[in-house]
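*Asks:* here you go, sequence then predicted model.
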Amino acid sequence: MKFTLKALSLALVASASTVTFADEAPSLPLGLEFSGSAAMTTDYRFRGLTQTQNDPAVQVGFQLDHSTGLYAGVWGSNVNYEYIDKNGADQTVHLELDPYIGYTKTFENVAGKPTLDVGIWYYAYPGHGDNNFVEYYAGVGFESLVAEGDSVSTYVYYTDDNLGAGDDAWYLNASYSVPFGAGFGGVAAVGFNDVKNGSDHVWDWKVGATYEFQSISGFSAELAAVGTDTETKGESSAYKRGVETGAVFTLTKSF
């Protein structure tokens, strides 16, 4: 994918909304379980980079889990970026709709209850198929390692068609969250994107505070500083706002 804002990446983010959902997922047969989330965020940032020109986004995701550990789902968001297609014409993308499939396994009898997670994520942009690409991921997470109720996760992602441009790329990410009490918590994450056949070797980060509303099950808020070390010398102010550290506020309703 070719961006006018250079290499502003694609999708995945928190989810939330003021839409009212049932507090509990519906019961399904055959060992299946349904879940989802909806989100409103002031800026859709993916790996530290804006996907909406610093404008708000509405994001919705649905997932089916099986008792074996298999899962599949779809996630969507509005986006706003421009690129030049193969015919040299200017194009603007407004929608991202990503199906995915994976497998997860928690080792309950091991200290920290490590959880293995592997899967395939397909980034899709309806009407702009040249930008579509597949990414493979694997990660492991732990619970209550440093403090009671905290979580640590590390992931590695790989694609041989980065942003639809045919380049190999690796992305590494580590995150940590911890509850403070009374519904409040903290979150921090750092990532590194390495495009093998390009010039994109970018660090990104997030540090923020979270709040779980006690009166509404699954409803939470997050205020975080999100940014990257992308070179901005000589770039426009709009470009700089999309890659430099900025505040992002997100409301999430999970069900």
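*Replies:* Structure's in. What do you need? Residues are numbered from 1 along each chain as shown.

*Asks:* and whichever strand or helix holds A138, what does it pack against?
*Replies:* Element membership for A138, per DSSP states H and E: strand 133-143. For strand 133-143, the contact count by 3 or more CB pairs under 8 Å, 6 or more residues apart in numbering; DSSP states H and E identifies strand 115-123, strand 151-159 as packing neighbours. (C-beta placed from N, C-alpha, C; glycine too.)

*Asks:* how far off strand 151-159 does it point, in degrees?
*Replies:* Counting by axes from the mean of the first three to the mean of the last three CA atoms, to 10 degrees, strand 133-143 points 160 degrees away from the direction of strand 151-159.

*Asks:* what does strand 133-143 rub up against?
*Replies:* Counting by CB atoms under 8 Å, 6 or more residues apart in numbering, strand 133-143 makes contact with 1, 102, 112-123, 149-159, 161-164, all of which sit outside it.

*Asks:* could I have the buried ones of those as PyMOL selection syntax?
*Replies:* This is the PyMOL syntax for the buried subset of those, where burial follows 16 or more other CB atoms under 10 Å:
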select buried, resi 1+102+114+115+117+119+121+123+150+151+152+153+155+157+159+161+162+163+164
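
*Asks:* and the strand holding A138, C-alpha only, in PDB?
*Replies:* Taking C-alpha atoms only, strand 133-143 is exported to PDB below (Å, rounded to 0.1, in the frame of the first residue of the first chain):
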ATOM      1  CA  PHE A 133      -2.500  -8.200   2.400                       C
ATOM      2  CA  VAL A 134      -2.100 -11.100   4.800                       C
ATOM      3  CA  GLU A 135      -0.200 -11.000   8.100                       C
ATOM      4  CA  TYR A 136       0.800 -14.000  10.300                       C
ATOM      5  CA  TYR A 137       1.100 -13.600  14.100                       C
ATOM      6  CA  ALA A 138       2.200 -15.500  17.100                       C
ATOM      7  CA  GLY A 139       2.300 -14.400  20.700                       C
ATOM      8  CA  VAL A 140       2.400 -15.400  24.400                       C
ATOM      9  CA  GLY A 141       0.800 -13.700  27.300                       C
ATOM     10  CA  PHE A 142       1.100 -14.100  31.100                       C
ATOM     11  CA  GLU A 143      -1.100 -13.100  34.100                       C
END
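
*Asks:* hey, which strand is longest across this structure?
*Replies:* Identified as the longest strand of the chain according to DSSP state E is strand 90-106.

*Asks:* just want the angle from that strand to strand 115-123.
*Replies:* Here strand 90-106 points in a direction 160 degrees away from that of strand 115-123 (the same axes, to 10 degrees).

*Asks:* going forward, begin numbering at 31 instead of 1
*Replies:* With the count now opening at 31, the last piece we talked about shows up as strand 120-136.

*Asks:* who are the packing partners of strand 120-136?
*Replies:* Contacts defined by 3+ CB pairs under 8 Å, 6+ apart place strand 120-136 against strand 100-114, strand 145-153.

*Asks:* what strands line up against that strand, and which way round?
*Replies:* strand 100-114 (antiparallel), strand 145-153 (antiparallel) (DSSP bridges).

*Asks:* let me have these in TSV, extended by distance to F243.
*Replies:* What follows is those, written out as TSV (distance: least, CB to CB, whole Å):
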stretch	distance to F243
strand 100-114	23
strand 145-153	26
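
*Asks:* tell me which of those sits nearest to T260.
*Replies:* Of all the strands paired with strand 120-136, strand 100-114 sits nearest to T260, with 14.9 Å by CB to CB.

*Asks:* ok now that closest one, how far from the chain's centre?
*Replies:* For strand 100-114, the separation from the chain centroid amounts to 10 Å (computed by CA atoms, centre = their mean, to the nearest Å).

*Asks:* can you get me a residue count around E252?
*Replies:* Other residues lying near E252 total 20 when counted by other CB atoms under 10 Å.
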